[in-house]
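In: could you work out the structure for the sequence below:
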Amino acid sequence: MSKPIGIFMRQKVALPTAFVLAWSSGFVIAHLGVGTASLLTFLTWRYLIASALLWAVPSWRPTRMPAVDLARDLRAGLLTQLGYIVPVYAAIGVGVSTGAASLIDALQPVIVATLAGPLLGLSVTRTQWSGLVAALVGVTMIVWSNLGASTAPWWGYLVAGVAISSQLAGVLLDRGRHDRQVLPTLTVHVTATTAVLVVVAAITGGLVPPRDPAFWCLTLASTLVPTVAAYALYWGVARVFDVTVLGYLLFLVTPTTTIAGAILFDEPLTATIGAGILLSFLGVAITLSAGKHKGGPPAPGCRRTAFSYDGSPDQASSSPSSATS
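Out: Numbering: from 1, shown residues only. This next block holds a predicted model:
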């Protein structure tokens, strides 16, 4: 009996650890990748390779997907992939630290749990609002500290904000899907984004890749780890644990990338940044814990299969597309 328990406990530790590392790698690779080619060229080839990989596996192809679901996934994919990835890479490209970019990303579950409630007719508690405020104050502290210690322009942080806004819009658009096939959906998202990037790159002359081996190594790494592996691990965590745990794990990406950025890229790591991370984590914990323990029936007109009672997406309807950071 001890052996199965030991394997189970190792899974409980290994799965979340692998998820945090895979998700964090996206921000680190983004910082490295924008130095080997233009933003458009790097992302275009990253998605071209990802599309080829996904379509190469027959069971991952969306060949049996109803037309209505296909159209919905195309729209959601453009919001959660193109509308998310491009602003994140653009923000990092102009000097926004990997830690600050990942923190803005980590606020996704807090924003969804709090702001999506009123949009869907779900009640939101004062505790959840206070958690959101605490998290936003923590983000402000980190951004303020970064503004004084880095060369990133102030508007670079607004660009990062566009990413989370697009992600939130995609989650809201996708909230009714509770019968999704994970990898075929990812194939639709990636293919739609690839088509747009290829057209824009061809028009602007950014389609020709450089000969630098570093470009191809980073492009392949960004395809295999933050695109495919992180997505699969997201759903693995969701099935073994729950979406609330995912919210906490998303926030652990911030200290991971902050430390990596300080070591690899000499990014700022000050006491104010540390305090901001702790305050933001407290806000995340307050918001998600309040939502998790809240009971009662759903608001009229709302289905549990779309969103859970706390306003956050449930395991079936949440969109992990930002795992492709």
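In: tell me the pLDDT of Ala113.
Out: pLDDT recorded at Ala113 is 62.
In: going by neighbour count, list what's buried in stretch 221-232.
Out: Residues 221-232 are the ones in stretch 221-232 that count as buried (16 or more other C-beta atoms under 10 Å). Every residue, glycine included, has its C-beta placed from N, CA and C.
In: doesn't Val208 belong to a helix?
Out: No. Val208 is assigned coil when assessed by DSSP: H, G, I helix; E, B strand; the rest coil, not a helix.
In: against Ala221, how distant is it?
Out: To Ala221, Val208 is 21 Å away according to C-beta to C-beta, to the nearest Å.
In: now do Leu207
Out: The separation that Leu207 has from Ala221, given C-beta to C-beta, amounts to 21 Å.
In: same deal with Pro213?
Out: Separation of Pro213 from Ala221 (C-beta to C-beta): 12 Å.
In: also Ile273?
Out: According to C-beta to C-beta, Ile273 and Ala221 sit 27 Å apart.
In: kindly report the same for Leu79.
Out: For Leu79, the distance to Ala221 - C-beta to C-beta - is 25 Å.
In: which one of the buried residues of stretch 221-232 is nearest to Phe42?
Out: Among these, Ser222 lies closest to Phe42 (C-beta to C-beta), at 8.0 Å.
In: which positions within the helix or strand hosting the closest one qualify as buried?
Out: Element membership for Ser222 (DSSP states H and E) is helix 213-222. The neighbour-count check on helix 213-222 (16+ other C-beta under 10 Å) flags 215, 218-219, 221-222 as buried.
In: ok, now stretch 24-41?
Out: By neighbour count with 16+ other C-beta under 10 Å, stretch 24-41 contains the buried residues 24-34, 36-37, 39-41.
In: tell me the one of those residues nearest Thr17?
Out: Ser24 (10.8 Å).
In: give me the nearest residue to that closest one, chain neighbours excluded.
Out: Nearest non-adjacent residue to Ser24, counting by C-beta to C-beta, 6 or more residues apart in numbering: Thr256, 4.3 Å away.
In: what helices and strands are in contact with the particular helix or strand that has the one you found in it?
Out: Using DSSP H and E, Thr256 sits in helix 243-265. Helix 243-265 sits against helix 2-33, helix 98-106, helix 108-120, helix 230-240, helix 271-292, with contacts defined as 3 or more C-beta pairs under 8 Å, 6 or more residues apart in numbering; DSSP states H and E.
In: following the third one in sequence, what is the next regular element?
Out: Reading on from helix 108-120 to the C-terminus, the next helix or strand found by DSSP H and E is helix 126-149.
In: mind checking the pLDDT average for the helix or strand that that following helix is followed by?
Out: With elements assigned by DSSP H and E, the helix or strand that comes after helix 126-149 is helix 154-173. Helix 154-173 comes out with an average pLDDT of 81.
In: buried residues in helix 154-173?
Out: The neighbour-count check on helix 154-173 (16+ other C-beta under 10 Å) flags 156-157, 159-164, 166-173 as buried.
In: any idea of the angle that helix forms with helix 126-149?
Out: Between the axes of helix 154-173 and helix 126-149, defined by axes from the mean of the first three to the mean of the last three C-alpha atoms, to 10 degrees, the angle is 150 degrees.
In: can you name the next helix or strand after helix 154-173?
Out: Using DSSP H and E, the helix or strand that follows helix 154-173 in sequence is helix 182-204.
In: next, the angle from that following helix to helix 230-240.
Out: 150 degrees.
In: what about helix 182-204, distance to the chain center?
Out: Here the centre of helix 182-204 is set off from its chain's centre by 17 Å, with C-alpha atoms, centre = their mean, to the nearest Å.
In: can I get that helix as PDB, trimmed to CA atoms?
Out: C-alpha atoms of helix 182-204 as PDB (Å, rounded to 0.1, in the frame of the first residue of the first chain):
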ATOM      1  CA  VAL A 182      -8.500  19.700 -25.300                       C
ATOM      2  CA  LEU A 183      -5.900  19.100 -28.100                       C
ATOM      3  CA  PRO A 184      -8.300  19.600 -31.100                       C
ATOM      4  CA  THR A 185      -9.300  22.900 -29.500                       C
ATOM      5  CA  LEU A 186      -5.700  23.900 -29.100                       C
ATOM      6  CA  THR A 187      -5.100  23.000 -32.800                       C
ATOM      7  CA  VAL A 188      -7.900  25.400 -33.800                       C
ATOM      8  CA  HIS A 189      -6.500  28.200 -31.600                       C
ATOM      9  CA  VAL A 190      -3.000  27.800 -32.900                       C
ATOM     10  CA  THR A 191      -4.000  27.400 -36.500                       C
ATOM     11  CA  ALA A 192      -6.100  30.600 -36.500                       C
ATOM     12  CA  THR A 193      -3.300  32.500 -34.900                       C
ATOM     13  CA  THR A 194      -0.800  31.100 -37.400                       C
ATOM     14  CA  ALA A 195      -2.900  32.200 -40.300                       C
ATOM     15  CA  VAL A 196      -3.000  35.800 -39.200                       C
ATOM     16  CA  LEU A 197       0.700  35.900 -38.300                       C
ATOM     17  CA  VAL A 198       1.800  34.400 -41.700                       C
ATOM     18  CA  VAL A 199      -0.300  36.900 -43.600                       C
ATOM     19  CA  VAL A 200       1.000  39.900 -41.700                       C
ATOM     20  CA  ALA A 201       4.600  38.700 -41.800                       C
ATOM     21  CA  ALA A 202       4.300  38.100 -45.600                       C
ATOM     22  CA  ILE A 203       3.000  41.600 -46.200                       C
ATOM     23  CA  THR A 204       5.500  43.300 -43.900                       C
END
